[in-house]
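Undergrad: sequence first, then the predicted structure, then my questions.
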Amino acid sequence: MTHTGRSAGPVRSRKNLAGCISAIGWYRLGKRMYKIGHFNHAEELYNELFNGVPNDNDRAHIYHMLRILKLEQGEYKQVALFYEKSLEVKRKTLPQDHSSLATTCSNIDGLYGTMCDYSKALEYYNKAHKIQETVLPPNHSDLAFCYNNIALLYKDMGDYSKALEFCTKSFKIREITLPSDHPLLATSYNNIGKVYDSMGDYSKALEFYKKLL
């Protein structure tokens, strides 16, 4: 109770509400600065705003904007850092098998792949596909897409046996779920053919290349 005899709760609530409204205003200003190309000013504002936000969800939004800023500036290591910070927040607030975690892991692995950091990319691809295997039906198209990306990564790393394993996993899902003339099946034939080609098994490579005709 205050000296007026009234509860301090409503006063505190109004202060919290005012703080939230103020934060929303600054957040929008940061987005405006980003849109007009004032990246450094936007970054300064978001860093300042980060220190005052009350919860992890708000921090995740700020990480998201900082990540976009760094992507525009081509600072991929910083982009990866903010992706990982965002993932840390999500792990605190979401179930460990939540699909949003898989999506974030997929975004991180794609980024590391672009940076040619294949070991880090593979680490996050594996995290993504393990979550997807838990929450998705075994023949879901997202699993086929994830397996295909893992296969391409192994191929770039020169691990052709693992590349073939995941190419085959992706192909089997697509073979079951897609019509025979679907372009994604052609993509799978081509990818498997390229792996066999890289392995020096040219007869098997030709077998899959012929399926493209």
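TA: Done, it's in.
Undergrad: touching stretch 167-180 from outside, list them.
TA: Contact with stretch 167-180 is made by 138-141, 143-145, 147-148, 151, 182, 184-185, 188-189, 191-192, 195, as judged by C-beta atoms under 8 Å, 6 or more residues apart in numbering. All C-beta spots, glycine's among them, are computed from the backbone N, C-alpha and C.
Undergrad: buried ones among those?
TA: 143-145, 147-148, 151, 184-185, 188-189, 191-192, 195 (16 or more other C-beta atoms under 10 Å).
Undergrad: take the residues you listed and lay them out in TSV including pLDDT.
TA: Shown next, in TSV, are these (pLDDT from 0 to 100):
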residue	pLDDT
Leu143	93
Ala144	95
Phe145	92
Tyr147	94
Asn148	94
Ala151	95
Leu184	96
Leu185	96
Ser188	96
Tyr189	97
Asn191	97
Ile192	98
Val195	97
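Undergrad: pick the one among those closest to Tyr118.
TA: Distance to Tyr118, by C-beta to C-beta, is smallest for Ala151 among the buried ones among the contacts of stretch 167-180, at 12.9 Å.
Undergrad: what's the pLDDT at Tyr160?
TA: pLDDT, Tyr160: 97.
Undergrad: what about it, distance to Tyr118?
TA: Distance of Tyr160 to Tyr118, given as C-beta to C-beta, to the nearest Å: 14 Å.
Undergrad: what does the pLDDT read for Ile176?
TA: Predicted confidence (pLDDT) at Ile176: the value is 96.
Undergrad: what helix or strand does it sit in?
TA: Per DSSP states H and E: Ile176 is located in helix 160-177.
Undergrad: quick one: buried residues of that helix?
TA: Residues Tyr160, Lys162, Ala163, Leu164, Glu165, Phe166, Cys167, Lys169, Ser170, Phe171, Ile173, Arg174 are the ones in helix 160-177 that count as buried (16+ other C-beta under 10 Å).
Undergrad: save those as CSV, and put in distance to Tyr125 too.
TA: Output for the buried residues of helix 160-177, formatted as CSV (distance: C-beta to C-beta, whole Å):
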residue, distance to Tyr125
Tyr160, 17
Lys162, 11
Ala163, 12
Leu164, 16
Glu165, 13
Phe166, 9
Cys167, 14
Lys169, 13
Ser170, 13
Phe171, 18
Ile173, 16
Arg174, 18
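Undergrad: which one of these is nearest to Phe50?
TA: Phe166 (38.4 Å).
Undergrad: which residues are in contact with the closest one?
TA: Tyr147, Asn148, Ile150, Ala151, Tyr154.
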